[in-house]
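Asker: this one's structure only:
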């Protein structure tokens, strides 16, 4: 009996894949668009979330999870068609503030464990931004698209040039 030998495929880890290049460029483009079209990007983001919640509600109804489906469908429809976008924006901004505070606390803890001054400082800055988001979501929501946009741009460039 003859045995077939398979050749190992060499993967060049220094060369990014086409998919990762596309994703990185998409992040950069979305980041630039969020910085330029701040108000529109927040409105579009809220509409997308409303649409996702509406679709998820309908899917729950189809899957015979009727109570949750009705609740999600009503919430999604209210966000999309009921003018509750500003309420949704406030809720999302406060939620993001809480997430940033938790993330900052984690970064500070990690900074202490590893002795990373950068981790400690970034954790503190993240907590400050989280607190600002909670204290005044409307003022902060005006700069939120810029913060998210710049983060997308940085992430895109890091992914593009990361070797």
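Answerer: Thanks, I have it. All of these numbers come straight from a predicted model, not from anything done at the bench.
Asker: does residue 64 sit in a helix, a strand or a coil?
Answerer: At residue 64 the chain is in coil, as set by DSSP: H, G, I helix; E, B strand; the rest coil.
Asker: no, scratch that, I was asking about residue 15
Answerer: coil.
Asker: can you give me the neighbour number for it?
Answerer: 9 (other Cβ atoms under 10 Å). (C-beta placed from N, C-alpha, C; glycine too.)
Asker: please apply the same query to residue 94.
Answerer: With other Cβ under 10 Å as criterion, residue 94 counts 17.
Asker: also residue 28?
Answerer: 19.
Asker: other residues contacting the helix or strand where residue 72 lies?
Answerer: Residue 72 is located in helix 66-81, with elements delineated by DSSP states H and E. Helix 66-81 has contacts (Cβ atoms under 8 Å, 6 or more residues apart in numbering) with 46-47, 49-63, 84-85, 88.
Asker: and it, which residues are buried?
Answerer: 69, 72-73, 75-80 (16 or more other Cβ atoms under 10 Å).
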